[in-house]
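> requesting a structural model of the entry that follows:
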Amino acid sequence: MCIGRVNKLVRRGAFTLLEVTLAVAIMGMMALAIYRFVQTNLIALRASTDAAVADARYDGLRELVLSQWQSLVPGQGALTGEPAKLNERSRDEIRWICGPGPGLLTRYAPGDYVVFLRMQASRKKNGQYDLGLLRRPRGETEIVHENDTWVPLIEDVGSLEIRYYDQRLNIWVDRWSDTLVLPRLVKVTIGRYDAPVPWEVIVPLGRTPY
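Predicted structure coming up:
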């Protein structure tokens, strides 16, 4: 009697195979849920970080054009711009003059040079276009390229559209060729592949004859 009673107690305190299987299955589902939760958060964090880095580049571009264009002096052919298209995508170009001394992305410039904000085929040769600055000593023809310097700023942009506000006509124009007068405003719109809407900035030029 005592031995049978002990065996019954032992059987009651042990887990059956079905109970063990259910416990393992529940633990597996919990582990999978935790893994998916962590993975989703890591992906979201990585995407957020990439977006923040990309936005920082555009913020830097905004500060760059603000500091450059608001310091231009009218009457010296300081700023001109031409519209352009490639495969129905805007690839406009704007150029301005930097004076000697500490200049744009250089420690010291011995003389004036022309700076172009433009799109250019990526050096990776992957069909992408980068936005950057082309610098050329003033007075050199566009045929000579040995002294040109290309400084990429933002990789893989879709389009570059530049418009100029002519206060005399009270309209936006797509070309600026008046070398004696600066536009009142310059609007830069960049098509982004990493964002659903284009990036845009409107720069008021600090010095005008009005």
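> number of residues surrounding Pro83?
Pro83 has 15 neighbouring residues, counting by other C-beta atoms under 10 Å. Glycine gets a C-beta too; all of them are placed from N, C-alpha and C.
> how about it, nearest residue that isn't a chain neighbour?
Nearest residue to Pro83 in three dimensions, chain neighbours excluded: Asp174, at 4.4 Å (C-beta to C-beta, 6 or more residues apart in numbering).
> for that neighbour, report the pLDDT, please.
Listed pLDDT for Asp174 reads 94.
> pass me the low-pLDDT residue ranges in this structure, would you?
Applying pLDDT under 70 to the chain flags the ranges 1-15, 41-51, 53, 76-77, 100-109, 141-145, 206-210.
> run the last query once more with 50
1, 3, 6, 9-10, 208-210 (pLDDT under 50).
> before we move on, back to that, doesn't Ile94 make contact with the residue nearest to Pro83?
No. Using C-beta atoms under 8 Å, Asp174 is not in contact with Ile94, being 11.2 Å away.
> who touches both of these two?
Ile162 (C-beta atoms under 8 Å, 6 or more residues apart in numbering).
> quick one, strands of this protein?
Using DSSP state E, the strands found in the chain span residues 79-82, 85-86, 89-90, 93-98, 101-103, 106-109, 113-121, 129-137, 149-154, 157-166, 171-173, 185-192, 199-204.
> and those strands as a markdown table, adding distance to Leu64?
Listed next are the strands of the chain as a markdown table, based on distance: least, C-beta to C-beta, whole Å:
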| stretch | distance to Leu64 |
| --- | --- |
| strand 79-82 | 15 |
| strand 85-86 | 24 |
| strand 89-90 | 20 |
| strand 93-98 | 12 |
| strand 101-103 | 12 |
| strand 106-109 | 13 |
| strand 113-121 | 9 |
| strand 129-137 | 9 |
| strand 149-154 | 8 |
| strand 157-166 | 15 |
| strand 171-173 | 22 |
| strand 185-192 | 11 |
| strand 199-204 | 10 |
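> switch those strands over to a markdown table; also include distance to Ala23 and mean neighbour count.
Formatted as a markdown table, the strands of the chain follow (distance: least, C-beta to C-beta, whole Å; neighbours: other C-beta atoms under 10 Å):
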| stretch | distance to Ala23 | mean neighbour count |
| --- | --- | --- |
| strand 79-82 | 71 | 19 |
| strand 85-86 | 64 | 11 |
| strand 89-90 | 60 | 16 |
| strand 93-98 | 68 | 19 |
| strand 101-103 | 71 | 12 |
| strand 106-109 | 69 | 11 |
| strand 113-121 | 61 | 19 |
| strand 129-137 | 57 | 19 |
| strand 149-154 | 54 | 14 |
| strand 157-166 | 54 | 20 |
| strand 171-173 | 70 | 12 |
| strand 185-192 | 51 | 18 |
| strand 199-204 | 54 | 14 |
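> Arg95: what's it in contact with?
Counting by C-beta under 8 Å, 6+ apart, Arg95 touches Leu79, Thr80, Gly81, Val114, Val115, Phe116, Leu117.
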